[in-house]
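Asks: can't give you the sequence, but here's the structure:
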């Protein structure tokens with residue numbers, strides 16, 4: 001039927017899989033939650049509505065998922081134009097960003113924690129000047145690498161920032177290398193950055209001798225309040241490309257995160273239905289499990 005056919009076509013394009021059958025599962029074919037949201041948008045463009053991400057998680061097999069798909073007017077509601085005139089105005093956080101912002105507060109039980117993604121890379125013959133140029137291009141290219149927050153949790157993209165630096169520690173003696181590398185990890189791996197001050201990332205390096213070579217240990221910390229898993233993967237992919245070819249072409253970015261946050265609004269009827277459902281269930285929900293706790 002039409003619904004299964006259009007779903008199969010979209011899955012094939014998105015997942016790079018051929019010969020998709022009615023009983024194939026989106027997730028078994030390599031799909032994930034990020035691809036799921038893209039898949040729903042692609043279906044809408046083709047006039048296929050009625051099924052959302054929640055349906056996919058509960059019915060991941062094609063035939064079962066497609067049962068909820070119906071014909072609608074094809075929509076081009078995926079953002080293609082930004083709002084450059086207001087690009088640097090404050091805008092609200094997403095629900096996840098607000099949770100990360102609240103969780104940094106020392107007054108909360110188990111609070112005072114930054115959502116920090118920390119990685120180390122180590123290699124010989126690392127060209128730090130080339131790396132600096134690549135990182136600077138990425139900061140100019142990606143607006144959320146220039147984002148800060150105010151004391152109310154609102155975020156804004158800075159139009160201009162200083163050239164990002166990479167702090168380098170030079171170790172002369174091989175016998176001192178282990179201590180320097182341990183200090184790098186101790187200082188860099190669990191940071192809680194001040195969200196009101198740029199940058200919301202930290203890049204530093206240690207150059208040290210090892211068995212006749214000069215090696216470089218690079219430490220990169222990224223705050224999850226301005227990046228997520230998919231964007232970190234994209235960022236490192238572009239950093240790798242620009243390090244190997246400083247003039248490497250990168251795909252254009254047409255809209256900003258601000259555009260996305262302000263334009264993507266939940267369906268009001270769906271929100272109301274969900275609210276009514278959970279309000280009705282409140283009195284019958286079981287209590288939380290009585291687990292022993294080390295803290296409140």
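Replies: The structure has been received and is ready for your questions. Here the structure is a predicted model, which is why all the values come from computation and not from measurement.
Asks: Chain neighbours aside, what residue packs nearest to residue 166?
Replies: Once flanking residues are discounted, residue 166 sits nearest to residue 203: 4.9 Å by CB to CB, 6 or more residues apart in numbering. For glycine as for every other residue, the C-beta is placed from the backbone atoms N, C-alpha and C.
Asks: Would you check how far apart residue 260 and residue 215 are?
Replies: 40 Å (CB to CB, to the nearest Å).
Asks: Out of those two, name the residue with the larger neighbour count.
Replies: Between residue 260 and residue 215, counted using other CB atoms under 10 Å, the more crowded position is residue 215 (18 against 13).
Asks: Tell me the buried residues in the one helix or strand the more buried one maps to?
Replies: Taking DSSP states H and E as the criterion, residue 215 maps to strand 213-223. Neighbour-count burial for strand 213-223, counted by 16 or more other CB atoms under 10 Å, picks out 215, 216, 217, 218, 219, 220, 221, 222, 223.
Asks: Need these in a markdown table (columns: pLDDT and distance to residue 130).
Replies: Formatted as a markdown table, these follow (pLDDT from 0 to 100; distance: CB to CB, whole Å):
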| residue | pLDDT | distance to residue 130 |
| --- | --- | --- |
| 215 | 97 | 16 |
| 216 | 98 | 12 |
| 217 | 98 | 17 |
| 218 | 97 | 12 |
| 219 | 98 | 18 |
| 220 | 97 | 16 |
| 221 | 97 | 21 |
| 222 | 97 | 20 |
| 223 | 97 | 25 |
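Asks: what about the residue nearest to residue 166, which SS state?
Replies: Assigned by DSSP: H, G, I helix; E, B strand; the rest coil, the conformation of residue 203 is strand.
Asks: Same question for residue 260.
Replies: Secondary structure state of residue 260, per three-state DSSP, is helix.
Asks: Look up how far residue 59 lies from it.
Replies: Residue 260 is 27 Å from residue 59, by CB to CB.
Asks: Just checking the distance from stretch 273-280 to the centre of its chain.
Replies: 30 Å (CA atoms, centre = their mean, to the nearest Å).
Asks: Okay, buried residues for it please.
Replies: Buried-residue list, stretch 273-280, by 16+ other CB under 10 Å: empty.
Asks: average model confidence for that stretch?
Replies: Mean pLDDT, stretch 273-280: 95.
Asks: Where does pLDDT dip in the stretch 1-150 of the chain?
Replies: 73-81 (pLDDT under 70).
Asks: Quick one: the strands in it, in order.
Replies: 48-49, 70-71, 116-124, 147-149 (DSSP state E, counting those that start in this stretch).
Asks: and those as TSV, adding mean neighbour count?
Replies: Shown next, in TSV, are those (neighbours: other CB atoms under 10 Å):
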stretch	mean neighbour count
strand 48-49	20
strand 70-71	13
strand 116-124	14
strand 147-149	22
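Asks: Tell me which of those strands approaches residue 19 most closely.
Replies: strand 48-49 (20.6 Å; CB to CB).
Asks: quick revisit: pipe the buried residues of strand 213-223 into a markdown table and attach distance to residue 139 per row.
Replies: Converted to a markdown table, the buried residues of strand 213-223 look like this (distance: CB to CB, whole Å):
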| residue | distance to residue 139 |
| --- | --- |
| 215 | 26 |
| 216 | 20 |
| 217 | 22 |
| 218 | 16 |
| 219 | 17 |
| 220 | 13 |
| 221 | 15 |
| 222 | 12 |
| 223 | 14 |
